[in-house]
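>>> Structure for this input, please:
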Amino acid sequence: MVAKSPREMVSDAARRCADIINQEISLRNWDDIKNMWIAIRLSDGGYDGTLYESKRDAVRHQEDEFLCAYICFRNIAAGITPFEAEKFLDFNRRAYRAGFRLPDPDHKTGGPDLFLSTDDHDRLRNLHVRNFLHRYPLPKLRSN
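Model prediction:
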C-alpha cells in the first residue's frame, strides 16, 4: 500500500461535505447564494438538499440541531477542500462534545458562531498529521 499525504487522508464525510459545497457554488449564481446557509450533517457530511436564507432557518429545519454544522457561503466563496472540510467537521464535533451549544432555533440569528482560531487550526492540522504518521510510520534510518 502506498502511503498518502496527510491532506489525502480524509474521511468520506469530509469528501462528501466538500463535494456538496463546491457543487452548490459551481451550479448556482453567486449573487443568489452568497448569503445562504447550509446545514451539513456531522455523521456523514451530507445535507438535506436545502439552502437556507438564514442560520436560524437552517437550525429550525433540522430534527436535532446539534447533529449538523452550519456555514454561510460568504465564508467559503472559493470553495472548500476535503482537508478543510475535515477540520471544519472535526472542530464542530469537538465543540459539541465539549458542551458548546452553538445552534439556537429561538435566537434571532440562529445562535452564536464559533470561529476556528489560528492556534486551533494548527492543533487540528497537527493532530491529523500525527494520526497519519501513526498509521504510516516513517522508516527507521540505519546508523553506520
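
>>> N35: what's its closest spatial neighbour, skipping adjacent residues?
Beyond its immediate neighbours in the sequence, the residue positioned closest to N35 (CB to CB, 6 or more residues apart in numbering) is R74, lying 6.1 Å away. (C-beta placed from N, C-alpha, C; glycine too.)

>>> Quick one: the strands in the protein, in order.
Using DSSP state E, the strands of the chain run over 37-41, 68-72.

>>> right, so of those, which gets closest to F91?
Taking CB to CB, strand 68-72 is the member of the strands of the chain nearest to F91, at 8.2 Å.

>>> For the closest one, which strands pair with it and how are they oriented?
The sheet places strand 68-72 alongside strand 37-41 (antiparallel), with pairing taken from DSSP bridges.

>>> Give me the buried positions along the partner strand.
Counting neighbours by 16 or more other CB atoms under 10 Å, one finds that the buried residues in strand 37-41 are W37, I38, A39, I40, R41.

>>> Stretch 34-54 too?
Along stretch 34-54, the positions that meet the burial threshold by neighbour count (16+ other CB under 10 Å) are M36, W37, I38, A39, I40, R41, L42, G45, Y47, L51, Y52.

>>> now the second one, which residues is it bridged with?
Under the criterion DSSP bridges, W37 forms beta bridges with Y52, C72.

>>> show me the contacts for it.
Contacts here follow CB atoms under 8 Å, 6 or more residues apart in numbering; on that basis W37 touches L51, Y52, E53, S54, K55, D57, A58, Y70, I71, C72, F73, G110.
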